[in-house]
Structures are given as C-alpha cells and as structure tokens.
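> When you get a sec, could you give me coordinates for this:
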Amino acid sequence: QVNLVESGGGLVQAGASLRLECKASGRPFSGYAMGWFRQAPGKEREFVAGINWSGTHAYYHDSVNGRFNISRDNIKSMGYLQMNSLKPEDTAVYYCAADSDYPLSIFTMDAWGKGTLVTVSS
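Numbering: from 1, shown residues only. Here you go, the predicted structure:
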C-alpha cells in the first residue's frame, strides 16, 4: 500500500494562492491515480480534483474548475494541488488520496493522507 502525507496548508486571505503537496511512499506512486478531497466543518468529505497514473488526464469539481490545478511528479513520488483565487468557501481540511482505479471514487480509495488545513479569510 502507498502511504501519503500532505503539507502546504495554512491561513490566507481571499484571493490568495496556496500549493498543497502530497508525498507518497511505499509502493510505486506511478501505479496509483491520485486525487484531492476536502472536508469543511460540519460537511461531508467531497471530491476536489483527480489525476490519472501518468498525469495526462485530470478533472475537477465544478466549484474549483479554472482556479485549481492538480499535477504530479512520479519520479519524486509527489502530488500537487495549486489553488488560486481562493475563497472563504474553500476553507476545509484537504486530503490526498490514491487508488489503483481511475476515475476516482471517494468510497473506494486505496489510501488516504491525514489531511492539511486550509483556512481562507474574507
């Protein structure tokens, strides 16, 4: 199984940018599609963005499409989420997750990180 550790969260003002990072270890990262999910206080965890094994295809939740960009570097075993034009409603704990299948399903992901908190102030 692959192990995932997120970093890069923090407190920013609306309109700012942040880049989240996800470091993978264990099994070869290239064998997994990966995604970013988030959970806001009092809400269910939701899909944000997903990318396939080679990084050649990605897709996004409508609420972040055009503002967020997911990418990966299989040589470094890293995944990234570049978040631009952040809004207060983006405030959540962001989780990196990996799965052998693609597209991703929040219900059947093989591995999850512990999350990193992003807070966007107005």
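> And Gln13, how close does it get to Phe107?
Gln13 sits 35 Å away from Phe107, going by C-beta to C-beta, to the nearest Å. From N, CA and C alone the C-beta is placed, and that goes for glycine too.
> who's more crowded, the two?
Legend: neighbour count by other C-beta atoms under 10 Å for Gln13 and Phe107, higher for Gln13 (10 against 5).
> Can you name the residues that contact that one?
120-122 (C-beta atoms under 8 Å, 6 or more residues apart in numbering).
> Try it again at 10 Å.
The contact partners of Gln13, taken as C-beta atoms under 10 Å, 6 or more residues apart in numbering, are 86, 88, 120-122.
> how far away is it from Gln39?
Taking C-beta to C-beta, one finds Gln13 at 22 Å from Gln39.
> Val120 now?
15 Å.
> For the two, work out which one has more neighbours and name it.
The residue with more neighbours, out of Val120 and Gln39, is Val120; 20 against 14, by other C-beta under 10 Å.
> For the protein, which segments count as strands?
2-7, 10-13, 18-26, 33-39, 46-51, 58-60, 68-73, 78-83, 92-99, 111-112, 116-121 (DSSP state E).
> could you dump those to JSON lines with mean pLDDT?
Below are the strands of the chain laid out as JSON lines (pLDDT from 0 to 100):
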{"stretch": "strand 2-7", "mean pLDDT": "97"}
{"stretch": "strand 10-13", "mean pLDDT": "98"}
{"stretch": "strand 18-26", "mean pLDDT": "97"}
{"stretch": "strand 33-39", "mean pLDDT": "98"}
{"stretch": "strand 46-51", "mean pLDDT": "98"}
{"stretch": "strand 58-60", "mean pLDDT": "98"}
{"stretch": "strand 68-73", "mean pLDDT": "98"}
{"stretch": "strand 78-83", "mean pLDDT": "98"}
{"stretch": "strand 92-99", "mean pLDDT": "98"}
{"stretch": "strand 111-112", "mean pLDDT": "97"}
{"stretch": "strand 116-121", "mean pLDDT": "98"}
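> Right, I'll leave it there.
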